[in-house]
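Undergrad: next come a sequence and a model predicted from it.
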Amino acid sequence: MKALKTLGRALAAAAFLAAASAGAQTTVLRFSDLFPAAYPFGALSAQFAKDVKERTGGKVEVQVFPSGTLTPPPQCYEGVLQGLSDICQAVLAYTPGRFPVMESVDLPGYPNSGRLTTRVANDVYQKFQPRELDAVKVLYLHAHPPGSLMTVNKPVKTLDDLKGMKMRSTGLSARIVTALGGSPVSMPITQAYDPLKRGVLDGTDGTFNALKYYRFAEVTKYTTMATDVGYVSTFAVVMNKAKWNALPADVRTALDAVSREYMVKAGDLWDQIEREGLAFGREKGHEFIRLDPKELERWRAAVIEPLHTDYVKRVSGSGLPGEEIVKAKRESIKRHSAAFPALEVPVK
């Protein structure tokens, strides 16, 4: 009889543990990331996955697929909608016209700070809650700091210098290059190293971190610091809405909290790797060119207001409050500029 009681207690304990295990079943989320694992933002995505697992007590495991291996970057957002991935890190500009409110964030006119651009992206999203992102759960947004122009052999100090130069650029940045008198060449930044090295390209646009992480300091001699008119790209880490709604409430709360932290981490990381790119450029003897103030005003006049005016006209024609969106964006820049000043950049 005593043996039977002991066996009964053991069976009851096993049944309890099995029930507890079933109740704590792990949800696996597939994260389609455009960044390579070795790039700092690829490492940040991997850390995000670890923190989600820890903060949800193991209830959620995020599997990161780097370098667009699960869904190609231009199809990343659509892949989340279709359930090909559960989470993705999307470049909103890769699908022109799909995100008209958030497109305003990418327009030029920023101090050189990724912490600032990231705050502006989130401010615009929070203020307007654009319907264009209603189909997904937005976890967090970030935006890289404004880009500059890197050239192979010819220093660019005036608009006349840039005229006709073949510059790798895409999307909005190609429109900026055109407005400045250059000749845009559409090419992914990941493919630009060899054409720069062989002289097929005269230069490329890019943020300072590209000097190190895309090794552009090895194949270019000059950077014209054109951040006043530089393009910005907004990134959205988004989740399939049905998958989000299926998570328990405590898990959703934890995931929201982690995501808020990673918005801050992403902005900080942009500025960190910009400093690394600048240091790498200096080590390689790269020259940084600061435009004469009068010349800079010529560049600003050619780019900033024309692009904003065009934006307001286009989105207002589709029923969106274009002027209000631009005003809110500019107010956000002004509000955050003191807390997140432009990076210090050496002249040489």
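TA: That came through fine. Small disclaimer: the values here were computed from a predicted structure and weren't measured.
Undergrad: helix, strand or coil for Val238?
TA: Reduced to three states with DSSP: H, G, I helix; E, B strand; the rest coil, the structure at Val238 is strand.
Undergrad: identify each buried residue in the helix or strand where Lys265 lies, please.
TA: Lys265 is part of helix 249-283, with elements assigned from DSSP states H and E. Buried positions in helix 249-283, judged by neighbour count with 16 or more other C-beta atoms under 10 Å: 251-252, 254-255, 258-259, 262-263, 265-271, 273-274, 276-278, 280-281. C-beta here means a position set from N, CA and C on the backbone, and glycine is covered the same way.
Undergrad: likewise stretch 43-53?
TA: Per 16+ other C-beta under 10 Å, stretch 43-53 contains these buried residues: 44-46, 48-49, 51-53.
Undergrad: also stretch 154-171?
TA: Buried residues in stretch 154-171, counting neighbours by 16+ other C-beta under 10 Å, are found at 156, 159, 161-162, 165-171.
Undergrad: I'd assumed Val120 was in contact with Leu141.
TA: No - counting by C-beta atoms under 8 Å, Leu141 stays clear of Val120, with 9.6 Å between them.
Undergrad: how about low-confidence regions in this protein?
TA: Along the chain, the model assigns pLDDT under 70 to residues 1-24, 346-348.
Undergrad: about what we covered before: other SSEs contacting the next helix or strand after the helix holding Lys265?
TA: Following the chain from helix 249-283 toward its C-terminal end, the next helix or strand by DSSP H and E is strand 287-289. Taking 3 or more C-beta pairs under 8 Å, 6 or more residues apart in numbering; DSSP states H and E as contact, the helices and strands that strand 287-289 lies on are strand 222-224.
Undergrad: all helices in the stretch 101-250 of the chain, in order from the N-terminus.
TA: Counting by DSSP state H, counting those that start in this stretch, one finds helices in the stretch 101-250 of the chain at the ranges 114-128, 159-162, 171-179, 193-198, 210-213, 241-246, 249-283.
Undergrad: separation between Glu295 and Ala301?
TA: 11 Å (C-beta to C-beta, to the nearest Å).
Undergrad: those two: who's more crowded?
TA: With other C-beta atoms under 10 Å as the criterion, Glu295 and Ala301 differ in neighbour count, and Glu295 comes out ahead with 15 against 12.
Undergrad: report the spatially nearest residue to the residue positioned nearest the centre of the chain, omitting neighbours in sequence.
TA: Most central residue of the chain, judged by C-alpha distance to the mean C-alpha position with C-alpha atoms, centre = their mean, is Phe235 at 3.4 Å. Distances taken as C-beta to C-beta, 6 or more residues apart in numbering place His142 nearest to Phe235, at 5.3 Å, with adjacent residues excluded.
Undergrad: how about that neighbour, what does it touch?
TA: Taking C-beta atoms under 8 Å, 6 or more residues apart in numbering as the criterion, His142 is in contact with 114, 117-118, 121, 234-235, 263, 266-267, 270.
Undergrad: ok, 7 Å please
TA: The neighbourhood of His142, defined by C-beta atoms under 7 Å, 6 or more residues apart in numbering, consists of 118, 121, 235, 263, 266-267.
Undergrad: just Pro74 next, same as before
TA: Pro74 sits next to 94-95 when contact means C-beta under 7 Å, 6+ apart.
Undergrad: what about 6 Å?
TA: Contact criterion C-beta atoms under 6 Å, 6 or more residues apart in numbering gives Tyr94 as the residues in contact with Pro74.
Undergrad: cool, and Thr178?
TA: Applying C-beta under 6 Å, 6+ apart, we find Thr178 in contact with Pro184.
Undergrad: can you map out the strands along the stretch 1-150 of the chain?
TA: Defined through DSSP state E, counting those that start in this stretch, the strands belonging to the stretch 1-150 of the chain, from first to last, are 27-33, 60-65, 87-91, 136-143, 148-151.
Undergrad: identify the residues contacting the residue nearest to Ser316 when sequence neighbours are not counted.
TA: Leaving aside its chain neighbours, Ser316 sits nearest to Gly322 (3.9 Å; criterion: C-beta to C-beta, 6+ apart). The neighbourhood of Gly322, defined by C-beta under 6 Å, 6+ apart, consists of 312, 315-316.
Undergrad: that older thread, show me which of the buried residues of stretch 43-53 is closest to Lys137.
TA: Using C-beta to C-beta, the shortest approach to Lys137 within the buried residues of stretch 43-53 belongs to Val52, at 13.6 Å.
Undergrad: so the closest one touches Val62, yeah?
TA: Yes - counting by C-beta atoms under 6 Å, Val52 sits close enough to Val62 to count as a contact (5.1 Å).
Undergrad: start and end of stretch 154-174, how far apart?
TA: 19 Å (C-alpha to C-alpha, to the nearest Å).
Undergrad: residues contacting it, please?
TA: Where contact means C-beta under 6 Å, 6+ apart, the residues beyond stretch 154-174 that reach it are 93, 106, 177, 180-187, 192, 201-205, 222, 224, 231, 289, 295, 298.
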